[in-house]
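Q: attaching a predicted model along with its sequence, questions to come.
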Amino acid sequence: MRKIGLLPFTILYWLITYTRNILFDVGILNSTIIPGKSISVGNLSVGGSGKTPMVNYLTSLLQNEHSIQILSRGYGRKTTGYRHVNSTDDASTVGDEPLSYFQKFAPKTDVFVCEKRQEALVKMNELNPSATIILDDAFQHRYVKPGLQLLLSPFYEQFLDDWHLPSGNLRESKQGAHRADAIILTKCPNLTEEQMMVHRKRYESYELPIFFSRIEYADFQLVGIAVKQLKSILLVTGISSSTSLKSHLLENYEVEELKFGDHHSFTQGDIQEIHRKFDTFASKEMAIITTEKDLVKIQGLLSEHDRQTYPWYVLPITVKMENEEAFNSMIKDYVTSN
């Protein structure tokens with residue numbers, strides 16, 4: 001819902017971001033072309049658009065045949081500056097998303113964090129000049145210019161229907177989408193070809209390929225003790241939007257959610273709160289379910305006693321591209337031709 005009282009601030013925000021983009025477009029502010037091969041995964045709006053699962057998808061697609069480096073800002077970490085993620089790091093030193101990338105893909109893939117992308121890219125290039133770089137959330141970071149820009153937009157919150165901050169969720173004008181090389185509508189329901197065509201027509205003015213992706217949920221993976229017959233769930237999340245996840249779980253289970261803020265830094269006190277909440281249900285048919293992104297911050301806080309006492313599980317997710325062959329070909333053609 002648009003907040004009329006915020007309209008003056010919205011206009012001011014639009015003016016600032018519009019002016020900034022103009023300064024880059026005319027060359028007063030400089031964009032440095034990233035040497036070699038680089039793919040940016042970003043969005044126009046704040047909130048969860050599925051960037052992390054898409055980075056996972058691209059890395060899985062490419063890392064067996066190409067050397068991959070992932071660069072993230074490291075949001076939510078307590079350190080600053082350039083850092084090459086290693087086995088001694090945790091979410092406090094590198095952030096939850098980079099840590100999850102490292103745990104999934106190391107040692108084949110190198111993961112880095114740095115607020116200043118230009119500084120990091122120089123050092124990353126020195127380490128491996130032939131690597132393909134995947135930039136997580138760099139669409140608005142115009143001081144660097146990736147070779148391939150993927151713009152993500154959630155299906156149920158498409159940027160075409162949104163407005164600028166603070167009245168809406170857009171970080172910049174919808175015209176910014178023209179910088180992209182492809183638009184991906186994420187978190188889609190099952191769509192027919194006719195339905196996809198309707199949405200492609202909405203984006204005709206951008207003259208860009210439009211792809212569709214959906215989230216696929218894997219089986220629960222055990223972290224604590226097992227539940228023999230699962231009927232209800234205490235869902236623990238610290239992500240921007242848990243709507244689709246909760247909807248998926250509600251198809252088969254009763255769900256109670258304990259929701260923390262996006263990129264929440266879990267503490268021992270939070271774990272105690274979660275366990276107290278779980279204990280109030282006094283059910284042997286209930287489990288505690290969390291996301292992969294949250295687990296990287298939670299698992300170090302769980303004692304052996306916690307794991308032997310409470311039924312913790314994680315729910316992995318993957319991205320399924322509706323037009324997978326065409327999308328994969330676009331990515332692979334770019335990487336092999338540059």
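A: Great, that's in hand.

Q: residue contacts, residue 124?
A: By Cβ atoms under 8 Å, 6 or more residues apart in numbering, the contact set of residue 124 is 69, 71, 110, 112, 131, 133. Backbone N, C-alpha and C define where each C-beta goes, glycine included.

Q: tell me the secondary structure at it.
A: Using DSSP: H, G, I helix; E, B strand; the rest coil, the structure places residue 124 in helix.

Q: per-residue confidence at it?
A: Here, the pLDDT recorded for residue 124 equals 97.

Q: residue 2 too?
A: Looking at residue 2, the pLDDT reads 49.

Q: and what of the one 4 residues further on?
A: Model confidence at residue 6, expressed as pLDDT, equals 89.

Q: how many neighbours does the spatially closest residue to residue 210 that is not a sequence neighbour have?
A: The spatially closest residue to residue 210, leaving aside those adjacent along the chain, is residue 200, at 4.7 Å (Cβ to Cβ, 6 or more residues apart in numbering). The tally of other residues near residue 200 (other Cβ atoms under 10 Å) stands at 16.

Q: and the one 10 residues further on, by the same measure?
A: The burial metric for residue 210, expressed as a neighbour count using other Cβ under 10 Å, is 19.

Q: residue contacts, it?
A: Residues counted as contacts of residue 210 (Cβ under 8 Å, 6+ apart) are 182, 183, 184, 185, 196, 199, 200, 203.

Q: give me the beta-bridge partners of the third one?
A: The bridge-partner assignment for residue 184, based on DSSP bridges, gives residue 152, residue 211.

Q: these two touch, right, it and residue 155?
A: No. Applying Cβ atoms under 8 Å, one finds residue 184 not in contact with residue 155, separated by 9.9 Å.

Q: which residues are common contacts for those two?
A: Contact with both residue 184 and residue 155 is made by residues residue 212, according to Cβ under 8 Å, 6+ apart.

Q: which helix or strand contains residue 121?
A: Assigned by DSSP states H and E, residue 121 belongs to helix 117-127.

Q: tell me the domain ranges of this structure?
A: Listed by automatic domain parsing, the domain ranges of the chain are 4-14+33-215+320-337, 221-315.

Q: what's the helix or strand for residue 305?
A: Element membership for residue 305 (DSSP H and E) is helix 304-309.

Q: distance from that helix to the middle of the chain?
A: Here the centre of helix 304-309 is set off from its chain's centre by 30 Å, with Cα atoms, centre = their mean, to the nearest Å.

Q: that one - what's its average pLDDT?
A: 97.

Q: can you give me the helices for the stretch 201-338 of the chain?
A: 243-250, 268-279, 292-298, 304-309, 324-337 (DSSP state H, counting those that start in this stretch).

Q: okay, those helices in JSON lines with mean neighbour count and distance to residue 85 next?
A: Shown next, in JSON lines, are these (neighbours: other Cβ atoms under 10 Å; distance: least, Cβ to Cβ, whole Å):
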{"stretch": "helix 243-250", "mean neighbour count": "16", "distance to residue 85": "26"}
{"stretch": "helix 268-279", "mean neighbour count": "15", "distance to residue 85": "24"}
{"stretch": "helix 292-298", "mean neighbour count": "23", "distance to residue 85": "11"}
{"stretch": "helix 304-309", "mean neighbour count": "12", "distance to residue 85": "25"}
{"stretch": "helix 324-337", "mean neighbour count": "14", "distance to residue 85": "22"}
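
Q: which one of the ones you listed lies nearest to residue 166?
A: Residue 166 sits nearest to helix 243-250 of all the helices of the stretch 201-338 of the chain, at 21.0 Å, using Cβ to Cβ.

Q: which helix is the longest one in the protein?
A: helix 7-25 (DSSP state H).

Q: so in that sheet, which strands flank the helix or strand just after it, and in what orientation?
A: Tracing the chain past helix 7-25, the next element assigned as helix or strand by DSSP H and E is strand 32-33. Paired with strand 32-33 in the same sheet, following DSSP bridges, are strand 144-145 (parallel).

Q: for residue 335, state which of the contacts of residue 210 is nearest.
A: Residue 335 has its nearest neighbour among these in residue 182, at 14.2 Å by Cβ to Cβ.

Q: one step back: distance to residue 45 for the helices of the stretch 201-338 of the chain - can I get that in a markdown table?
A: Shown next, in a markdown table, are the helices of the stretch 201-338 of the chain (distance: least, Cβ to Cβ, whole Å):
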| stretch | distance to residue 45 |
| --- | --- |
| helix 243-250 | 15 |
| helix 268-279 | 28 |
| helix 292-298 | 19 |
| helix 304-309 | 37 |
| helix 324-337 | 21 |
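
Q: I'm done for today, thanks for sticking with me.
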